[in-house]
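Below are the sequence and a predicted model for it; my questions follow.
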Amino acid sequence: MSLKNSYVTSDYMEWDSMLSLVHKLYRDKEYRLSLLIGCGSFFGLRISDILALTWSMLLDDEKFVIIEKKTGKRREIKVNSNFQKHIEDCYMALAITDKGEKCFISRKKVVYSIQRINILFKVVKSRYGLKIDHFSTHSMRKTFGRKIVEAAGENSEFALIKLSELFNHSDTMTTRRYLGLRSQELLETYEMLSF
């Protein structure tokens, strides 16, 4: 919860930093956290939808379908073939026996709450020295969006159109604001001045 009259929004991670974190968490036997951050960054889903994922959804095919909890809309997700290897590694390391089991359950065998994940993210941020101001469950979705725009290069406007549809935003300006692109562009205006 944020303080009254404060403006707090989650920040994105640089793609390479996210990949490094996923690998470090795996190395440190934090398999579920490694997978959670990977899924959030590779799928661009809201945390409520990530928490509904089962091993079967991630492993049985190269794509899966979900009905988004917030919007009620159908969304098809393609699993990146390189990332699917990481999913398999986590599955094996955790010695999962039931593919119908939810992926993100605690030691108490209940699905993590969003609040608990945000607490764990604060620990992760501190332990791994992450260079991100506001690291929360929403950071993963923003990391996904920023990577798509950056990877598009000169076609970034087309990427914004696709992201706008994936995120169910009303227009690309909303997507720009959501990803922090609009404020970044405005701040770059000050760099145009010379002294």
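In hand now; what should we look at? Every value quoted in this text rests on a predicted model; they were computed, and no experiment measured them.

And the spatially most central residue of the chain, its phi and psi?
Of all residues in the chain, the one closest to the mean position by Cα atoms, centre = their mean is residue 140, 2.2 Å from it. Backbone geometry at residue 140, expressed as degrees, to the nearest 10, gives phi -70, psi -40.

Against residue 19, how distant is it?
Taking Cβ to Cβ, to the nearest Å as the measure, residue 140 and residue 19 are separated by 12 Å. Just so you know, the C-beta spots here come from the backbone N, C-alpha and C atoms, and that holds for glycine as well.

And residue 167, by the same measure?
Distance from residue 167 to residue 19, by Cβ to Cβ: 22 Å.

And the helices in the protein?
For the chain, the helices defined by DSSP state H cover 15-27, 31-43, 47-50, 55-59, 81-93, 114-127, 137-152, 156-166, 172-179, 181-188.

Distance to residue 99 added to the ones you listed, as a markdown table?
Formatted as a markdown table, these follow (distance: least, Cβ to Cβ, whole Å):
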| stretch | distance to residue 99 |
| --- | --- |
| helix 15-27 | 20 |
| helix 31-43 | 14 |
| helix 47-50 | 17 |
| helix 55-59 | 4 |
| helix 81-93 | 8 |
| helix 114-127 | 22 |
| helix 137-152 | 23 |
| helix 156-166 | 26 |
| helix 172-179 | 34 |
| helix 181-188 | 39 |
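
which ones are touching residue 64?
57, 58, 76, 77, 79 (Cβ atoms under 8 Å, 6 or more residues apart in numbering).

cutoff 7 Å now
57, 77 (Cβ atoms under 7 Å, 6 or more residues apart in numbering).

What's opposite it in the beta bridge?
residue 77 (DSSP bridges).

With adjacent residues omitted, what lies nearest to residue 118?
Leaving aside its sequence neighbours, residue 118 sits nearest to residue 136 (Cβ to Cβ, 6 or more residues apart in numbering; 5.3 Å).
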